[in-house]
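# no FASTA, just this:
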């Protein structure tokens with residue numbers, strides 16, 4: 001890519017390079033934003049193959065398959081390389097044309113692909129078979145020396161996962177469980193959800209132990225507690241409540257063993273009652 005950008009004026013090359021860097025940085029986490037940067041680069045340097053390829057992948061990531069296919073074709077014409085052949089075929093699938101993807105899988109270009117490209121083409125062809133409802137044909141398509149190999153390569157986890165998923169779709173659950181397990185062995189980076197698929201097959205349910213406070217009606221709980229307290233109070237005798245309060249006051253303030261004890265001031269009603277007793 002750097003060599004291609006050297007054909008541009010220095011200032012323009014730097015601007016295009018910045019946009020391409022942003023495409024690469026955002027394409028997984030924010031495809032729409034990556035697509036926006038790719039359009040800027042495309043306006044600045046549409047005759048650079050690396051720009052057309054980046055624009056293609058950004059469009060592909062946002063499921064703009066027609067646009068992606070056009071950009072990939074342009075890049076292929078500029079470079080003469082066939083490395084984009086599998087993703088071009090997958091764009092045909094995205095456009096609802098699995099038969100074209102299968103036709104591309106049988107073209108001479110496939111033989112020119114490296115091993116990773118050929119595995120990718122096999123995955124696309126199997127997906128096209130599944131698009132047509134041909135589950136057993138998809139399973140056969142994925143059966144290959146690369147699948148049978150015990151060697152772990154960058155594509156191994158994805159190939160095994162696709163095979164396990166196809167087996168499960170065909171109702172071959174025991175075999176699917178075995179291959180999801182093999183996928184997990186090869187998937188050191190957690191690129192697939194093979195562990196979750198295995199758990200589902202084994203009937204394991206994951207429960208989030210944390211409680212979302214937003215889902216708890218705190219006000220309702222408080223109101224219920226208040227209502228309960230009010231119900232309890234309604235059933236009490238006012239005289240008993242007054243007696244209990246006086247007893248509490250005595251227990252709290254009238255400690256005769258306390259050197260700093262001071263009698264509570266009498267209320268006006270209690271003073272009048274004592275005066276009547278004295279007169280009597």
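Nice, I can see it. Only a predicted model underlies this, so the values are computations on that prediction, with no experimental measurement involved.
# wait, doesn't residue 6 sit right on residue 13?
Yes. With contact defined as Cβ atoms under 8 Å, residue 6 reaches residue 13; the gap is 6.9 Å. All C-beta atoms are positioned from the backbone trio N, CA, C, and that covers glycine.
# quick one: which of these two has more around it?
The residue with more neighbours, out of residue 6 and residue 13, is residue 13; 18 against 9, by other Cβ atoms under 10 Å.
# Flag the shaky bits of the stretch 101-250 of the chain, pLDDT-wise.
Where the stretch 101-250 of the chain drops to pLDDT under 70, the residues are 205-250.
# Would you map the helices across it?
Along the stretch 101-250 of the chain, counting by DSSP state H, counting those that start in this stretch, helices occupy 115-131, 135-142, 145-148, 156-169, 173-186, 194-201, 218-234, 238-253.
# Show me what counts as buried in the first one.
Spelled out, it's helix 115-131. The neighbour-count check on helix 115-131 (16 or more other Cβ atoms under 10 Å) flags 117-131 as buried.
# got a list of contacts for stretch 163-170?
Stretch 163-170 is contacted from outside by 126, 130, 135-136, 138-139, 142-143, 147, 173, 175-180, 182-183, 194, 197, 201, using Cβ atoms under 8 Å, 6 or more residues apart in numbering.
# Next: stretch 181-196.
For stretch 181-196, contacts defined as Cβ under 8 Å, 6+ apart pick out 152, 156-158, 160-161, 164, 180, 198.
# try stretch 11-29
The contact list for stretch 11-29 (Cβ under 8 Å, 6+ apart) reads 1, 5-6, 8, 33-34, 37-38, 40-41, 44-45, 48, 50-51, 54, 57-58, 61.
# Could you check the pLDDT of the residue nearest to residue 121 when sequence neighbours are not counted?
Spatially, and ignoring its direct neighbours in sequence, residue 121 is nearest to residue 86 (4.5 Å; Cβ to Cβ, 6 or more residues apart in numbering). Reported pLDDT at residue 86 in the predicted model: 98.
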